[in-house]
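**Q** Using only what follows, build the 3D model:
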Amino acid sequence: MSVSPQDFDFDKWLDDAERPERSVTVYQKAGLIAELDRLEAQITNADEDEADGPSMAGGVGKLRAEYAKLAKQFHDSALTVRVGGHGDDEKREFAEANKGISGSELGRIVLADAIKSPKVTPAQVQRLEKAIGPAQFGLILTAYHQASTELPSVSADFLPKRSTPDDGGES
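**A** The predicted structure is shown next:
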């Protein structure tokens with residue numbers, strides 16, 4: 001069903017319009033990476049030594065089980081943070097409404113407003129930054145910047161390409 005320009009309801013379209021949002025995943029238990037690195041090295045070395053006999057302390061199976069347990073803890077600590085953007089006018093409004101505070105305080109207020117899920121306060125933004133560190137917090141800031149400044153687009157490049165005509169691929 002096509003809609004002619006005369007039949008198009010622009011007000012309805014505007015009522016249903018959504019602003020861009022982005023999401024990133026951060027990890028509460030990122031400190032486990034050091035232990036996972038250590039175990040990976042032990043497993044790799046144990047695998048190389050297996051030809052000469054089983055490794056000490058329960059063998060490579062025990063190391064792999066410990067690795068799997070820690071990897072699950074790491075993945076279970078994931079948090080998806082959903083962020084919306086602000087326009088220049090909105091940023092100016094935040095600055096006008098919060099005169100007399102430092103730039104970092106203003107930044108936390110703006111970011112707390114931008115984070116759609118989970119809902120956070122400016123104080124929690126500060127705690128979040130300290131808790132997850134600059135690399136992961138930088139992901140959130142990048143998502144905010146993208147939601148504020150980049151045109152929305154969808155990429156399906158990560159999807160497998162179809163190769164047969166029956167699958168809708170090229171012939």
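**Q** For the rest of this, base every contact and every neighbour count on C-alpha atoms.
**A** Will do.
**Q** packing partners for the helix ranked longest in the chain?
**A** Longest helix in the chain, counting residues (DSSP state H): helix 122-149. In terms of contacts (3 or more Cα pairs under 8 Å, 6 or more residues apart in numbering; DSSP states H and E), helix 122-149 is packed against strand 21-27, strand 78-84, helix 103-114.
**Q** what is the orientation angle of it with helix 103-114?
**A** In terms of direction (axes from the mean of the first three to the mean of the last three Cα atoms, to 10 degrees), helix 122-149 departs from helix 103-114 by 70 degrees.
**Q** Now do helix 122-149 against strand 21-27, angle only.
**A** 130 degrees.
**Q** in the protein, which helix or strand is least confident?
**A** helix 32-49 (a mean of 91; mean pLDDT, DSSP states H and E).
**Q** Can you name the residues bridging to the residue most central in space within the chain?
**A** The centroid of the chain falls nearest to residue 24 when counting by Cα atoms, centre = their mean (1.3 Å). On the basis of DSSP bridges, residue 24 is bridged to residue 81.
**Q** returning to what we had before: who touches the least confident helix or strand of the chain?
**A** 54-55, 59-60, 63-64, 66-67, 70-71, 74 (Cα atoms under 8 Å, 6 or more residues apart in numbering).
**Q** Return the set of buried residues in that helix.
**A** By neighbour count on 16 or more other Cα atoms under 10 Å, the buried set for helix 32-49 is 36, 39, 42-43, 46-47.
**Q** Also stretch 67-76?
**A** Buried, per 16+ other Cα under 10 Å, within stretch 67-76: 67, 70-71, 74.
**Q** Could you give the average pLDDT over that stretch?
**A** For stretch 67-76, mean pLDDT is 98.
**Q** Count the residues that sit near residue 104.
**A** Residues lying near residue 104 (other Cα atoms under 10 Å) number 10.
**Q** can you check residue 121 too?
**A** For residue 121, using other Cα under 10 Å, the count is 14.
**Q** List the contacts of the residue nearest to it when sequence neighbours are not counted.
**A** Leaving aside its sequence neighbours, residue 121 sits nearest to residue 112 (Cα to Cα, 6 or more residues apart in numbering; 5.5 Å). Applying Cα under 8 Å, 6+ apart to residue 112 gives the contacts 119-122, 125.
**Q** Pipe those into TSV and attach pLDDT per row.
**A** What follows is the contacts of residue 112, written out as TSV (pLDDT from 0 to 100):
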residue	pLDDT
119	98
120	98
121	98
122	98
125	98
